[in-house]
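K.L.:
Turn this into a structure:
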Amino acid sequence: MRLHTMAAAIGLSLALAGCVSSGGLHPSGALTDASSLKSERSLNGIAVSPAAWPQQDWWTALGDAQLSGLIDEALRDNPGLAAADARAQQAQAAAGVADAERGPTVNAGASVAGARPPGALFGGHSHFSWAKYGYASFNWGLDLWGGKRAAWEAALGQARAAEIDRQAARIELSTNVGRAYTQLGYAYAQQDVAKAELERANRARDLTRQRASAGIDSQLQLKQSDTEVATAEQQQAVANRAIDAARSSLSVLLGKGPDRGLDITRPQVLKPVALAVPGNLSMDLIGHRADLVAARWRVEAASKDIKVAKTEFLPNVSIGAMAGLLNMGGGNLFSLKNRFYELGPSLSLPIFDGGRLRANLAGKDAQYDLAVAQYNETLVAATNQVADNYNALQSMQQQIDAQQRALDAATEAWQLSEQRYKAGIGNYLEALIVRQQLLQAQQRMAALQSQQVDLSVQLIQALGGGYRPQADDAHEVAAASSSSVSERSL
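P.N.:
Here you go, the predicted structure:
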């Protein structure tokens with residue numbers, strides 16, 4: 001076909017394109033401008049620093065070498081990370097397939113078959129013969145409208161998102177190990193208090209029994225002391241179970257059997273990590289949280305899918321060629337007279353398809369809107385999560401300060417009660433009652449300190465957990481705060 005003939009065919013095809021049109025279909029989702037999510041008043045009074053982001057090895061700041069070893073072990077052996085790795089590799093393979101679709105294909109084949117055709121087809125004469133056949137073919141679908149490139153770019157976007165999901169899984173795993181380890185430390189602190197309370201309750205019951213035998217106390221008071229002993233035993237069992245549960249959780253996170261948890265020794269007293277708030281929280285978060293970066297890549301991939309769906313409404317041109325050899329009978333297959341070939345472009349255009357293409361495009365528009373909505377939801381949740389964790393940590397510090405005063409007062413009261421007993425002013429049973437108040441204050445302090453460490457780990461995760469985007473990711477997420485008008489007009 002001559003060039004002007006092909007040009008005329010393409011022009012006619014474009015004129016007929018109105019038969020199947022994408023008119024009136026477009027996405028409606030708009031990316032939230034991160035700068036519109038104000039947080040200045042919520043974070044008023046909190047230190048601001050451009051270097052507020054956690055380090056990739058943030059757990060070393062907690063000051064426990066055993067914890068660092070456990071996180072390294074989990075990052076090496078947890079099977080969930082293997083699943084995330086497999087998903088990333090699967091997405092990379094899909095991108096490779098999409099890239100291969102952009103190029104030409106070359107095939108070759110050969111066959112030998114023996115047959116005896118019906119005699120009626122050859123005037124009553126028929127005999128057995130061999131048919132030998134060989135060919136080579138070439139085909140290339142021209143990407144006139146960029147649909148194949150857009151499909152490749154969409155697959156690349158999904159591959160990038162899957163790769164970032166893999167990093168997000170590592171961050172989540174490390175913070176989960178840190179939180180489980182914190183819970184193990186608190187369980188041991190509970191056990192200490194429960195043991196001390198059981199010892200106190202037993203001593204109080206012994207004294208009450210002696211006083212009841214002497215007629216000083218009644219059987220009611222003795223039964224009350226029995227109740228305290230039973231309650232202390234129950235609390236000790238609760239603390240023991242909490243230790244077992246925390247060890248079991250760590251065994252799962254490490255990807256090991258339950259015996260692995262039995263080898264984990266008592267944690268040191270962890271110190272919470274002090275972090276400042278970034279200067280522009282919402283804007284800065286979009287480059288430091290893996291889930292936001294991955295969500296933005298999925299928005300970009302969805303926009304490319306829309307372009308792919310729109311190119312399907314346009315004419316498609318491909319170039320094909322085939323050459324081969326065919327021989328019927330016993331002659332030489334490679335004789336020149338057995339050769340054949342064909343060469344030429346082909347043109348196709350959808351004219352009527354029952355609405356399939358429009359339904360497909362509508363689905364891609366909805367997929368884009370969903371990706372935008374998920375990105376916006378993640379951005380809003382991330383901004384509020386950071387602010388809430390900062391405020392919770394501030395409140396926790398105030399609670400700890402108040403509880404420290406209560407603990408100091410309870411300690412002094414216990415010391416005074418012991419002094420009174422030794423001076424013969426009061427009895428030891430009264431001192432043991434004061435001792436109970438001190439143990440309760442110690443338990444509340446241990447709980448608050450554990451919550452403070454846990455909140456600091458949650459804040460580390462909310463701030464990205466040490467995620468460092470690559471250069472292309474940083475460029476991509478920078479567009480997250482821009483207007484999405486151009487994307488809506490795809």
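
K.L.:
For the chain, which segments count as strands?
P.N.:
105-115, 129-142, 316-328, 339-348 (DSSP state E).

K.L.:
Redo those strands as CSV? Include mean pLDDT.
P.N.:
What follows is the strands of the chain, written out as CSV (pLDDT from 0 to 100):
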stretch, mean pLDDT
strand 105-115, 81
strand 129-142, 79
strand 316-328, 81
strand 339-348, 78
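
K.L.:
of all those, which lies closest to Asp263?
P.N.:
Nearest of the strands of the chain to Asp263, taken as CB to CB: strand 105-115 at 57.2 Å. The C-beta positions use only the backbone N, C-alpha and C, and glycine is treated the same way.

K.L.:
What pLDDT is listed against the residue nearest to Gln92 when sequence neighbours are not counted?
P.N.:
Distances taken as CB to CB, 6 or more residues apart in numbering put Ala159 closest to Gln92, at 4.9 Å, once the chain neighbours are dropped. Looking at Ala159, its pLDDT reads 92.

K.L.:
who touches Asp217 in this structure?
P.N.:
Counting by CB atoms under 8 Å, 6 or more residues apart in numbering, Asp217 touches Thr208, Arg211.

K.L.:
any idea how far it is from Gln224?
P.N.:
The gap separating Asp217 from Gln224 is 10 Å, by CB to CB, to the nearest Å.

K.L.:
what's the overlap in contacts for these two?
P.N.:
Common neighbours of Asp217 and Gln224, using CB under 8 Å, 6+ apart, are Thr208.

K.L.:
how many other residues sit next to the residue nearest to Gln92?
P.N.:
22 (other CB atoms under 10 Å).

K.L.:
now the helices: where do they sit in this structure?
P.N.:
Taking DSSP state H, the helices of the chain run over residues 3-16, 65-77, 79-100, 147-213, 219-254, 258-262, 281-285, 290-311, 356-422, 428-462, 471-478, 485-488.

K.L.:
which residues of the stretch 251-400 of the chain score low on pLDDT?
P.N.:
Within the stretch 251-400 of the chain, the segments meeting pLDDT under 70 span 277, 279, 329-331, 333, 335-336.

K.L.:
Thought Asp64 was touching Lys271, still the case?
P.N.:
No: counting by CB atoms under 8 Å, Lys271 does not reach Asp64; the two are 9.2 Å apart.

K.L.:
Those two: which is more packed in?
P.N.:
Neighbours were counted for Lys271 and for Asp64 using other CB under 10 Å; Asp64 has more, 19 against 14.

K.L.:
For the nearest residue to that one once chain neighbours are set aside, what are phi and psi?
P.N.:
Nearest non-adjacent residue to Asp64, counting by CB to CB, 6+ apart: Gln268, 4.7 Å away. The phi and psi values for Gln268, taken as degrees, to the nearest 10, are phi -70, psi 170.

K.L.:
quick one: contacts for Gln268?
P.N.:
By CB under 8 Å, 6+ apart, the contact set of Gln268 is Gly63, Asp64, Gln66, Gly185.

K.L.:
Can you tell me which of the residues you listed has the most neighbours?
P.N.:
Gly185 (22 neighbours).

K.L.:
follow-up on the earlier one: nearest approach to Pro27 belongs to which of the helices of the chain?
P.N.:
Shortest distance between Pro27 and these, using CB to CB, is found for helix 356-422: 4.2 Å.

K.L.:
sorry, back to before: so which of the helices of the chain has the densest surroundings on average?
P.N.:
Compared across those, helix 290-311 shows the largest average neighbour count, a mean of 24 (mean count of other CB atoms under 10 Å).

K.L.:
from the middle of its chain, how far away would that one be?
P.N.:
17 Å (CA atoms, centre = their mean, to the nearest Å).

K.L.:
Could you list every helix and strand in contact with that helix?
P.N.:
helix 147-213, helix 356-422, helix 471-478 (3 or more CB pairs under 8 Å, 6 or more residues apart in numbering; DSSP states H and E).

K.L.:
how about 10 Å then?
P.N.:
Counting contacts by 3 or more CB pairs under 10 Å, 6 or more residues apart in numbering; DSSP states H and E, helix 290-311 is packed against helix 147-213, helix 356-422, helix 471-478, helix 485-488.

K.L.:
Indicate which one of those is closest to Ser39.
P.N.:
Comparing these by CB to CB, helix 356-422 comes nearest, at 5.2 Å.

K.L.:
what angle sits between the closest one and helix 428-462?
P.N.:
Note on geometry: by axes from the mean of the first three to the mean of the last three CA atoms, to 10 degrees, helix 356-422 and helix 428-462 are set 160 degrees apart in direction.

K.L.:
the inter-axis angle of helix 356-422 versus helix 147-213?
P.N.:
Counting by the same axes, to 10 degrees, helix 356-422 lies at 20 degrees to helix 147-213.

K.L.:
Arg468 touches Ile164, doesn't it?
P.N.:
No: in this structure, Arg468 is not within contact of Ile164 by CB atoms under 10 Å, at 11.2 Å.

K.L.:
shared neighbours of those two, anything?
P.N.:
Listed as contacting both Arg468 and Ile164 by CB atoms under 10 Å, 6 or more residues apart in numbering are Ala290.
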